[in-house]
Structure formats: structure tokens, C-alpha cells
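1. Fold the stuff below for me.
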Amino acid sequence: MAVFGLLAAALGVVGLVSPDALLGLMGFDPLPDGSRTDGDHTLVFLTASSMAALNMGVYYILAALADWKAFFRWTVPFRLLTCAVFTLAVVTGRAPSGFLGVGLWEGLGALVTWAALRHEDRAGSKAVA
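-> Coordinates of the predicted model:
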């Protein structure tokens with residue numbers, strides 16, 4: 001959780017400081033300076049989503065520091081949903097293939113979180129027995 005939080009927060013900062021760098025990381029071709037047309041709100045969207053990523057990263061870090069297992073459990077289905085939506089965006093042509101990595105990161109993170117929680121639950125039940 002803490003690692004995911006740190007990465008989310010760091011990528012949020014990257015998006016706020018250098019939106020084109022974040023676009024490149026996600027497989028989008030950044031546009032040269034001055035070539036955006038009126039009505040192109042890409043940078044507004046990147047600012048909003050980067051701020052959300054920064055906030056989310058901090059929430060994950062705080063939840064990890066508090067060892068808030070309920071929060072960890074809540075993240076699993078929603079990260080799987082995010083994986084499905086982002087993967088579908090690539091499959092349907094709404095996003096470039098490089099964006100698939102974002103979806104896979106979410107899916108892998110959800111599965112690792114689920115496995116760690118399950119392992120801890122089993123270890124805890126064996127210690128009680």
C-alpha cells in the first residue's frame with residue numbers, strides 16, 4: 001500500500017509539474033508547445049487527474065501507516081474495475097496501447113493486495129488455533 005501510495009503521489013507531482021512527461025509515460029504523444037487548439041482541455045484534465053493521484057497517493061500512505069486493513073480490502077474491487085475500464089479503453093481504441101500498462105498496474109496491484117490480505121488472514125487464524 002505504501003509503495004503504491006508513493007508511486008501515485010510521485011506520478012501526480014510529475015503530472016502537475018510536467019504534463020507532457022506524464023503523457024509520454026502513458027503512451028500518448030505530447031504535442032509541441034503552442035500547438036494546442038482552442039477547446040483542447042487536455043492540460044486541464046491532466047491537472048485534475050494529477051491532483052487526484054497526488055491526493056490518492058497520500059491517502060494510501062496514511063492508510064498504510066495506520067495499517068488500515070479495511071481500506072486495503074476496499075481498494076481491491078475498485079482497482080480491478082479500474083484495470084477493466086483502462087484495458088477496455090485500449091481494446092476499443094479510446095487509448096493507445098501504452099496505456100495498457102496503467103490498467104495492468106492496477107490489476108496487478110489489486111491481486112497482490114488481495115493475496116497479502118489473504119495470507120495475513122490465514123496466518124492470523126493459524127496463530128489463534
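2. can you pull the contacts of residue 106?
-> 79-80, 82-83, 86 (Cβ atoms under 8 Å, 6 or more residues apart in numbering). In short, each C-beta sits where N, CA and C put it, glycine included.
3. ranges for the strands of the chain?
-> Counting by DSSP state E, the chain forms no strands at all.
4. which stretches of it aren't confidently modelled?
-> By pLDDT under 70, the low-scoring segments of the chain are 127-129.
5. burial measure for residue 86, as a count.
-> Using other Cβ atoms under 10 Å, residue 86 has 22 other residues around it.
6. Excluding sequence neighbours, find me the nearest residue to it.
-> Excluding the flanking residues, the one nearest residue 86 by Cβ to Cβ, 6 or more residues apart in numbering is residue 103, at 3.2 Å.
7. Please tell me I have it right and the one you found contacts residue 83.
-> Yes - between residue 103 and residue 83 there is a contact at 4.8 Å, judged by Cβ atoms under 8 Å.
8. quick revisit: would you mind measuring from the residue nearest to residue 86 to residue 84?
-> Per Cβ to Cβ, to the nearest Å, residue 103 is found 8 Å from residue 84.
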